[in-house]
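Student: Provided below for reference: sequence and predicted model.
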Amino acid sequence: MTAADLIQAVRGRFPDAVIGSHDYRGDATVIIHSPPLLEVARTLKQDPAFRMNFLMDLTAVDYSAFGKKPDRAFFASSGVPVRPPPQIPDPEPWPGPPSPARFALVYHFFSSLRKHRIRMEVPVEEQEAELDSLTSLWPGADWLEREVWDMFGIRFRGHGNLKRILMYEEFSGHPLRKDYPVNKRQPLLGPVN
Amino acid sequence: MDNGAGLQTREMLLNVGPAHPAMHGIIRIVTKLDGERVTDVDVEIGYLHRGFEKMSETVDYNGVIPYTDRLNYVSPLINNMGYCMAVEKLLGISVPERCHYIRVIVSEISRITDHLTCVGASAMELGAFTVFLYMIKAREYLWELVEMVTGARLTVSYCRVGGVKGDLPEGFAARCKFALQETRKVLAESHALLTRNRIFVDRMSGTGTISAEDAISYGITGPFLRATGAAYDVRKDCPYSVYDRLDFDVPVGTRGDNYDRYLVRMEEMEQSMRIIELALRDIPPGPVQTNPETGRPIPAAEMVDEGKVGNIVAIAGVRAVTDPTLEGSGKPHHPAIAADEKRVFLPSKEDTYGNIEGLMQHFKLVMHGHGIRPPKGEVYFPVEGANGELGFYIVSDGADKPYRVRVRPPCFAIMSALPKLLIGDLVADLIPTFGSVNMIGGELDR
């Protein structure tokens, strides 16, 4: 199916869950509410129209700093601000971040049978920051969700072993959040014997 | 536990790693053993986490490329290519035909070096040290090619957004032919030493088995998936660059065990060599080095002096003598290797040093806050890495730095399936199974 057909098919199946869609640069993207996430994912996996057998990737984006603090362009030696060059224009612009919510979970599904891909985005507010786990559908979601928890602090309901994966247990904070300073250092704690 | 005869047995906890001779990289596998049988496995990763994704948000678009070298450090050229093609998709630009072929050639060379390392190292761990030395010898020939093209062996940073750093050097085709011929000899020798070797087959066959359905549900791709019989290859199924014009086969296995993975990798090297030969045959010709009107090439420094006295007309067409590491990046090569988009690709050094427009263009692209400023948007672009689907997901907010860069590391999915692969096998089978995963720490932990 083409990107537009895929979006139409998902919209037709879940008219209430889908809150937005686009096919920027040919990537079919649907934005859905978080409550029916598990149901939508199950349909994408099992419905003969989609047959998305791969959960290729799962990640999140922290949109809290999006477009808010553009870097000033300046001459490195003098610090004199100058006007940055204009952006490269886009004939078909991107509609923008999925929602005003702080985080967006980004799922990339792929069907090796139908050779189509779809990206599903789920906006999450910082306060709730909890979603249904997809580990019951794809065991590969286990580590991916652990990484999202580790890096962004988003929790997953029904995940049996939600602990840090790349950072160590004693680490405080979630490094890929935009408010985590890039040069912040924490002591490396060894295991307590 | 009581085994019925009144003798007590108990489970044993065996800690493999983080620094173990058979762990290629730093990783900890905690196994629970009942006798020699593995009953439970806990895999602990993250020892090589360097914050690739966080660092990418602090540098400009071209500045990410050196970081991508350090993801899969056995085949860095494929990472370079994947990242650059993702940004090009975001920008909506395309690169010249010759550049596509160059990228395909160098990434297939990288795929061979990656598979040679994987097969050689796993063979060594099973006692076949000779094979390891032979394969490293073949890899050396290929790395010499890489060095010839990029100027570096490991941290190549060869691709640029909108092109590649330099054209293929003179005499590349002949050197490549020689290297492939030597590699074929090594592969024949390795086949003779391994494929029907009783010890090797006994260790590899029937161990670390996984079915196609399980592999897919874990998100496993690449040779590991193809050994189970599922013929998914990004180069065939979602063709990018010029792979759809090159004729090659996708080898698949049937049983999904270590032995099939070995055979698939051996055959993939053969197919990669086929792709390189076809690409070298079809590659459009490069630029013809013309003698500039003014005659001699003059050094860049001298050019600046000439420009200071106002002699810009005379030097505009002259080739500067550039550093040897920039060979192939000169002005005549530019139309063949770089996209025709001044807001993306650095001008040739002749222009940077020789005229004010070139200098300004260079300045605009390298200064803080200037640089490449793609439109707002998000893209995902997958390429076939040596271990499977290597995808880059990039979000741009219109600034000169990426808002978010996410890499989908192929061996992350395979490592998450490691408990599934190991449980039920003997503890000695851990070594070939882990070897066939081809874990690359830089890519796994980022």
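Tutor: The structure has been received and is ready for your questions. Since the model is a prediction, treat every value here as computed from it, not as a measurement.

Student: and the strands in the chain, which stretches?
Tutor: Since no chain was named, I'll use chain A. A:18-22, A:29-32, A:54-62, A:73-74, A:81-82, A:103-111, A:116-124, A:130-132, A:155-157 (DSSP state E).

Student: please refer instead to chain B.
Tutor: B:12-16, B:28-34, B:37-44, B:159-160, B:163-164, B:298-299, B:320-321, B:377-384, B:389-396, B:404-408.

Student: just confirm yes or no for the last one near chain A.
Tutor: So the one you mean is strand B:404-408. Yes - against chain A, strand B:404-408 shows contacts by C-beta under 8 Å from any C-beta of the partner chain at B:R404, B:R406, B:R408. For every residue, glycine as well, the C-beta is placed using N, CA and C.

Student: just give the number of residues close to the second one.
Tutor: By other C-beta atoms under 10 Å in any protein chain shown, 25 other residues sit near B:R406.

Student: and if you look at the last one?
Tutor: Using other C-beta under 10 Å as the criterion, B:R408 is surrounded by 25 other residues.

Student: ok, now the first one?
Tutor: Using other C-beta under 10 Å as the criterion, B:R404 is surrounded by 23 other residues.

Student: contact partners for the nearest residue to it once chain neighbours are set aside?
Tutor: Once flanking residues are discounted, B:R404 sits nearest to B:V395: 4.1 Å by C-beta to C-beta, 6 or more residues apart in numbering or on different chains. The contact partners of B:V395, taken as C-beta atoms under 8 Å, 6 or more residues apart in numbering or on different chains, are A:V61, B:G377, B:E378, B:P402, B:Y403, B:R404.

Student: what does B:L71 give?
Tutor: Counting by C-beta under 8 Å, 6+ apart, B:L71 makes contact with B:F52, B:N79, B:V407, B:P409, B:I440, B:G442, B:E443, B:R446.

Student: hmm, 6 Å instead?
Tutor: B:N79, B:G442, B:E443 (C-beta atoms under 6 Å, 6 or more residues apart in numbering or on different chains).

Student: repeat for B:A230
Tutor: So B:A230 contacts B:A212 (C-beta under 6 Å, 6+ apart).

Student: do that again at 7 Å, thanks
Tutor: Applying C-beta atoms under 7 Å, 6 or more residues apart in numbering or on different chains, one finds that B:A230 lies in contact with A:S112, B:A212, B:A215, B:I216.

Student: for B:Y232, same thing?
Tutor: A:S112, B:T221, B:L225.

Student: quick check: phi and psi at the nearest residue to the second one once chain neighbours are set aside.
Tutor: Right, B:T221. Once flanking residues are discounted, B:T221 sits nearest to B:G388: 3.2 Å by C-beta to C-beta, 6+ apart. Per-residue torsions, B:G388: phi 140, psi -160 (degrees, to the nearest 10).

Student: ditto for B:G162
Tutor: Recorded main-chain torsions at B:G162 are phi 90, psi 10, according to degrees, to the nearest 10.

Student: lowest-confidence helix or strand of chain A?
Tutor: strand A:73-74 (a mean of 52; mean pLDDT, DSSP states H and E).

Student: tell me the two of the contacts of B:A230 that are most distant?
Tutor: Farthest pair in the contacts of B:A230 (C-beta to C-beta) is A:S112 and B:A215. Separation: 10.9 Å.

Student: which of those two has more neighbours?
Tutor: B:A215 (26 against 19).

Student: now do the end-to-end distance for stretch B:377-394.
Tutor: For stretch B:377-394, the first-to-last residue distance is 8 Å (C-alpha to C-alpha, to the nearest Å).

Student: revised request: answer the last question for stretch B:423-439.
Tutor: Terminal-residue distance, stretch B:423-439 (C-alpha to C-alpha): 18 Å.

Student: please apply the same query to stretch A:148-162.
Tutor: Start-to-end, stretch A:148-162 (C-alpha to C-alpha) is 10 Å.

Student: poorly predicted segments of the chain, please.
Tutor: I'll assume chain A. Where chain A drops to pLDDT under 70, the residues are A:69-87, A:188-193.

Student: chain B is the one I meant
Tutor: B:1-4, B:286-332, B:369.

Student: could you identify the longest helix within it?
Tutor: For chain B, the helix that runs over the most residues, judged by DSSP state H, is helix B:97-125.
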